[in-house]
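A.B. asks: Quick one, fold the following:
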Amino acid sequence: MSTKRVLVAMSGGIDSSVAAVMLHEQGYEVVGLTMKTWDYANSGGSKKETGCCSLDSINDARNIAVELGFPHLILDIREEFGDSVINHFTSEYLLGRTPNPCVLCNTHIKWDALLRRADKLNCAYIATGHYAKVREENGRYIISKGKDRNKDQSYALWGVSQASLSRTILPLGSLTKPEIRAFAKARGFKDLLNKPESYEICFVPDNDYRGFLKRRVVGLEEQVRGGEFVLEDGTVVGQHEGYPFYTVGQRKGLGIALGYPVYVIEIRKEQNQVVLGTFDALARDGMYVSKLNMAKYADLQGHKLDTVTKVRYNDPGTPAVIEQTGDTMKVFFGKGVHAVAPGQAAVFYEGDDVVGGGWITRSFHQNYLPVTHSTAHGK
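C.D. replies: Down below sits the predicted model:
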């Protein structure tokens, strides 16, 4: 296996394209790969096909490869993407949780697919255009925040395994978005500068996840209609459209007026109830996180660790003490955190480093005054 041969995931956008160009200029033998994950026609949405799976994006990636003289391949992973990511997305909403398909796709689909193809192509490494860093320290491969904190994507990579990280290169981790745009401009890739960035879920391009669920699950509306909006004390205050169509923390689109702002604070699947409350009622003192993937340390059994913990992608993070028991992490927040949604990913940071992460199973109220604990250095 060639130690200078690298398989680069190329979506056709500016970030992955610049990652490929940078590695090419650094003397790597680059092989470009674009993954076809989804057919927009199958979504039934109203938005025109755009983003990483469109024909235009595939052609843009190929044009970069042709211009620089390295091979470019297309990998069809629609079947495994649908089986894993989309089925999980649907089932999580039906269980009353809020899924995070992009994290699941990164950690369980794209990395695995890249590594399998890298082995076949005799590539020692894989590379992506994520804004994050990876390094080896004390026998562990550690993901850390990228230089551009506005674009940092370390949160989305908590689930990448140690074996995968050992073969991963992240060329953009030490650059900012303006520096990347300047890099592309200096090399004449003007078309990349004008490409819009996509923030939607790729298989819900119109951002209407309710419509997607209705099209995906035959008879869903009939199954869940007639549910109740209730307050925390059980008082019924209205009728909702079905519990899968709401998420914890939601305020807009509830279709109910109580004379004061209310938010979804809990979803009770078995009762088909959506619990409403004030913003203060959204606050939680802690949560349980399961299906862990530990990064900086192999595990934290028997230890408590001070961290900053994020409960969603754009969350700045909150000081928290974490305590691991088996495959579950109990997280105590130093102050109340709002809208802790079961089904979302929680990621624990020590400084810029990702300690690990997992999926939020439930949150709790508990009076807890965190104290400073020794770190897990030396484990």
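A.B. asks: going forward, measure contacts and count neighbours with C-alpha atoms only.
C.D. replies: OK.
A.B. asks: where along the stretch 1-150 of the chain do the strands fall?
C.D. replies: Along the stretch 1-150 of the chain, counting by DSSP state E, counting those that start in this stretch, strands occupy 2-9, 29-36, 72-76, 123-127, 132-137, 140-145.
A.B. asks: low-confidence ranges in the stretch 251-379 of the chain?
C.D. replies: 366-379 (pLDDT under 70).
A.B. asks: do the stretch 1-150 of the chain as well
C.D. replies: Judged against pLDDT under 70, the low-scoring parts of the stretch 1-150 of the chain cover residues 1-2, 39-54.
A.B. asks: which stretches of it form helices?
C.D. replies: Per DSSP state H, counting those that start in this stretch, the stretch 1-150 of the chain carries helices over the ranges 14-25, 55-68, 78-81, 87-94, 101-105, 111-120.
A.B. asks: how about JSON lines for those helices, with mean neighbour count and distance to A163 added?
C.D. replies: As requested, the helices of the stretch 1-150 of the chain are arranged in JSON lines below (neighbours: other CA atoms under 10 Å; distance: least, CA to CA, whole Å):
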{"stretch": "helix 14-25", "mean neighbour count": "22", "distance to A163": "21"}
{"stretch": "helix 55-68", "mean neighbour count": "17", "distance to A163": "27"}
{"stretch": "helix 78-81", "mean neighbour count": "14", "distance to A163": "21"}
{"stretch": "helix 87-94", "mean neighbour count": "18", "distance to A163": "24"}
{"stretch": "helix 101-105", "mean neighbour count": "19", "distance to A163": "17"}
{"stretch": "helix 111-120", "mean neighbour count": "17", "distance to A163": "10"}
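A.B. asks: Let me know which of these is the nearest to V308.
C.D. replies: Comparing the helices of the stretch 1-150 of the chain against V308 with CA to CA, the closest turns out to be helix 101-105 (19.0 Å).
A.B. asks: hang on, the earlier thing: distance to A345 for the strands of the stretch 1-150 of the chain - can I get that in a markdown table?
C.D. replies: Compiled in a markdown table, the strands of the stretch 1-150 of the chain are given as follows (distance: least, CA to CA, whole Å):
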| stretch | distance to A345 |
| --- | --- |
| strand 2-9 | 23 |
| strand 29-36 | 24 |
| strand 72-76 | 27 |
| strand 123-127 | 23 |
| strand 132-137 | 17 |
| strand 140-145 | 16 |
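A.B. asks: out of those, nearest to Q223?
C.D. replies: Comparison of the strands of the stretch 1-150 of the chain against Q223 by CA to CA identifies strand 29-36 as nearest, at 33.0 Å.
A.B. asks: Return the list of strands paired to the closest one, each annotated with direction.
C.D. replies: Here strand 29-36 has these sheet partners by DSSP bridges: strand 2-9 (parallel), strand 72-76 (parallel).
A.B. asks: got the domain boundaries for this protein?
C.D. replies: When the chain is parsed with automatic domain parsing, its domains come out as 2-193, 224-278, 282-364.
A.B. asks: tell me the most buried of those domains?
C.D. replies: Mean neighbour counts were taken over the domains of the chain using mean count of other CA atoms under 10 Å, and the top value, a mean of 21, falls to domain 282-364.
A.B. asks: how far is that one from where the chain is centred?
C.D. replies: Here the centre of mass of C-alpha atoms in domain 282-364, compared against the chain's by CA atoms, centre = their mean, to the nearest Å, lies 15 Å away.
A.B. asks: ok, now which ones touch the most centrally placed residue in the chain?
C.D. replies: A centroid search over the chain (CA atoms, centre = their mean) returns V103, at 2.9 Å, as the residue closest to the centre. Contacts were defined as CA atoms under 8 Å, 6 or more residues apart in numbering; by that measure V103 touches A156, L157, G159, A345.
A.B. asks: and the gap between it and S154?
C.D. replies: In this structure, V103 lies at 10 Å from S154, with CA to CA, to the nearest Å as the measure.
A.B. asks: same deal with L213?
C.D. replies: Distance check for L213 against S154: by CA to CA, it reads 29 Å.
A.B. asks: same question, P171
C.D. replies: Here the criterion is CA to CA. By it, P171 lies 13 Å from S154.
A.B. asks: was I right about F203 contacting R78?
C.D. replies: No. With contact defined as CA atoms under 8 Å, F203 does not reach R78; the gap is 11.0 Å.
A.B. asks: mind checking the SS state of K195?
C.D. replies: Using DSSP: H, G, I helix; E, B strand; the rest coil, the structure places K195 in coil.
A.B. asks: So L115 is in contact with S164, correct?
C.D. replies: Yes. With contact defined as CA under 8 Å, L115 counts as touching S164 (7.5 Å).
A.B. asks: picking that back up, relative to T34, which of the strands paired with strand 29-36 is closest?
C.D. replies: In terms of CA to CA, the element of the strands paired with strand 29-36 nearest to T34 is strand 72-76, at 4.9 Å.
A.B. asks: tilt between that closest one and helix 111-120?
C.D. replies: Going by axes from the mean of the first three to the mean of the last three CA atoms, to 10 degrees, strand 72-76 is angled at 130 degrees with respect to helix 111-120.
A.B. asks: Show me how far strand 72-76 is from its chain's centre.
C.D. replies: 23 Å.
A.B. asks: CA atoms of it as PDB?
C.D. replies: Presented in PDB, the C-alpha positions along strand 72-76 are these (Å, rounded to 0.1, in the frame of the first residue of the first chain):
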ATOM      1  CA  HIS A  72     -11.800  10.600 -10.200                       C
ATOM      2  CA  LEU A  73     -14.400   7.900  -9.300                       C
ATOM      3  CA  ILE A  74     -18.100   7.800  -8.400                       C
ATOM      4  CA  LEU A  75     -19.200   5.500  -5.700                       C
ATOM      5  CA  ASP A  76     -22.900   4.600  -5.500                       C
END
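A.B. asks: This completes my enquiry, with thanks.
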